[in-house]
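*Asks:* Based on what follows, work out the 3D shape:
(one chain, ligands or ions: 2)
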Amino acid sequence: MKNNNQEVLVHVEHLKKYFSVRKRGTLKAVDGVSFDIYKGETLGLVGESGCGKTTCGRTVIGLYPATDGTIEYDGKDVTKIGNEEQKWFKKRVQMIFQDPYASLDPRMTVGDIIAEGMDNFGLYTEPKERQARINELLSLVGLNKEHASRFPHEFSGGQRQRIGIARALAVDPEFIVCDEPISALDVSIQAQVVNLLIKLQNELGLTYLFIAHDLSMVKHISDRVGVMYMGQMVELATSEELYSNPQHPYTQALLSAIPIPDPEIERTKTVLPLEGEVGSPINCGSGCRFASRCKYATEECSKVTPELKEIKEGHFAACHLF
Ligand SMILES: Nc1ncnc2c1ncn2[C@@H]1O[C@H](COP(=O)(O)OP(=O)(O)O)[C@@H](O)[C@H]1O
Ligand SMILES: [Mg+2]
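*Replies:* Ligands and ions are numbered 1, 2, ... in the order given. Reported below is the predicted structural model:
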């Protein structure tokens, strides 16, 4: 954490991912999102459920083809590369999934689950080597080698997420999309898994896109945080700046809903409730998508989509107020 490297690993520009929904039109899950991720940093990505975080993460690492836009990985536009280079890319990027119950095949042993990527990429020559790597990965995530022959149902949620992390690490990736990796876990073990991810990042020099649905979870792990609303990025800044000086009315509302550990501040703070409903991302037109819920909205807001602009060094917001 607290990464000072300014070398860009992932450059995303005007990324769009649309789904066609039968008889209903086009669902704009990600609609023109731009951001950079620096080598060795954690970029947090937050926003309410359905705002497009998972779709964004999956599209960036090539699990979904992009509808439009550019994704550069280490200087290479990965939306335009051929099969050989796709293989190169797929080995460098991995994903940790939200639900550690659904994401592990119940019929496979833990060892086989972890080794799947190694099997696919042919990363060993002898079975002995494969087993040694499985053992190494198990110990890296705080499990032990006896666990390799067991099945996922024998493990707790936290342990399963450790298995999912070991699986992601097996191919020795550089960049990992962590898709709400702790949302499905008991509060008591969430911190353990976050601390494991931080430890692994420091030891292995990993770069993370860390997705969460609320701001309290990402603060601890992220160098910078982006806030999404209905398929668009509405604010992006360093964690400190975003938490101490939120500018977009949506970010302010999200932050005011987080409990503050200091009882005195908590008692006296003003909560800006989010009013109205999230609109539908299907066939939505122009204008700011947050306008219907924003108390500052003007006529311009319902007509013109605000661009993400740098309002202060390193602090970006998409809002007509600035
Ligand atoms: N494979 C898909 N087909 C059609 N619609 C999808 C698909 N995946 C996601 N969506 C829709 O895209 C929007 C964004 O979803 P998602 O990226 O999962 O949001 P989040 O991760 O922020 O909760 C939602 O409206 C969701 O219903
Ligand atoms: Mg999601």
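
*Asks:* got the contact list for the one residue in the stretch 201-322 of the chain that gets nearest to ligand 1?
*Replies:* Closest to ligand 1 within the stretch 201-322 of the chain is Pro281: 5.1 Å, counting by CB to the nearest ligand atom. Glycine gets a C-beta too; all of them are placed from N, C-alpha and C. Pro281 makes contacts with Leu27, Lys28, Ala29, Asp31, Gly50, Gly52, Met230, Gly231, as judged by CB atoms under 8 Å, 6 or more residues apart in numbering.

*Asks:* quick one: which of the residues you listed is nearest to ligand 1?
*Replies:* Closest to ligand 1, out of all of those and judged by CB to the nearest ligand atom, is Ala29, at 3.4 Å.

*Asks:* And what about that closest one, helix, strand or coil?
*Replies:* Using DSSP: H, G, I helix; E, B strand; the rest coil, the structure places Ala29 in strand.

*Asks:* these two touch, right, it and Ser20?
*Replies:* No: shown here, Ala29 and Ser20 do not form a contact pair, counting by CB atoms under 8 Å, at 11.1 Å.

*Asks:* Which one of these two is surrounded by more residues?
*Replies:* Ala29 (24 against 10; other CB atoms under 10 Å).

*Asks:* Just the pLDDT at the nearest residue to that one once chain neighbours are set aside, thanks.
*Replies:* In this structure, Ala29 finds its nearest non-sequential neighbour in Thr55, 4.1 Å apart by CB to CB, 6 or more residues apart in numbering. We have a pLDDT of 98 for Thr55.

*Asks:* From Gln94, how far out is Thr55?
*Replies:* Between Thr55 and Gln94 the distance is 17 Å, computed by CB to CB, to the nearest Å.

*Asks:* What of Glu48?
*Replies:* As judged by CB to CB, Glu48 and Gln94 stand 26 Å apart.

*Asks:* Between these two, point out the one with more neighbours.
*Replies:* Gln94 (23 against 15).

*Asks:* for the strand or helix carrying the more buried one, packing partners?
*Replies:* Element membership of Gln94, judged by DSSP states H and E, is strand 93-96. Where contact means 3 or more CB pairs under 8 Å, 6 or more residues apart in numbering; DSSP states H and E, strand 93-96 is packed against helix 53-60, helix 157-169, strand 175-179.

*Asks:* Quick check: neighbours of that strand in the sheet, parallel or antiparallel?
*Replies:* With DSSP bridges as the test, strand 93-96 is paired with strand 175-179 (parallel).

*Asks:* ranges for the helices of the stretch 151-300 of the chain?
*Replies:* Secondary structure of the stretch 151-300 of the chain (DSSP state H, counting those that start in this stretch): helices located at 157-169, 187-204, 215-219, 239-244, 249-256, 263-268, 299-303.

*Asks:* residues near Gly164, how many?
*Replies:* Gly164 has 26 neighbours, counted by other CB under 10 Å.

*Asks:* residues in contact with stretch 93-106?
*Replies:* Residues outside stretch 93-106 that contact it (CB under 8 Å, 6+ apart) are 54, 57-58, 60-63, 73, 113, 117, 151-153, 157, 160-161, 163-165, 168-169, 171, 173-181, 183-185.

*Asks:* 6 Å instead, please
*Replies:* Outside stretch 93-106, the residues within contact range by CB atoms under 6 Å, 6 or more residues apart in numbering are 61, 113, 152, 157, 160-161, 164-165, 168, 173, 175-181, 183-184.

*Asks:* swap in stretch 193-213?
*Replies:* If you take CB under 6 Å, 6+ apart as the criterion, stretch 193-213 is touched by 9, 39-40, 42-46, 49, 53, 57, 161, 175-180, 182, 218, 221-222.

*Asks:* Filter these down to the buried ones and hand me the ChimeraX line.
*Replies:* The following ChimeraX line selects those of these that are buried, judged by 16 or more other CB atoms under 10 Å:
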select :9,39,40,42,43,44,45,46,53,57,161,175,176,177,178,179,180,182,218,221,222
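
*Asks:* so what's the closest residue to His14 other than its chain neighbours scoring on pLDDT?
*Replies:* Using CB to CB, 6+ apart and skipping the chain neighbours, the partner closest in space to His14 is Gly69 (4.3 Å). Gly69 is assigned 97 on the pLDDT scale.

*Asks:* So Gly69 sits against Lys17, correct?
*Replies:* No: if you go by CB atoms under 6 Å, Gly69 and Lys17 don't touch, sitting 8.5 Å apart.
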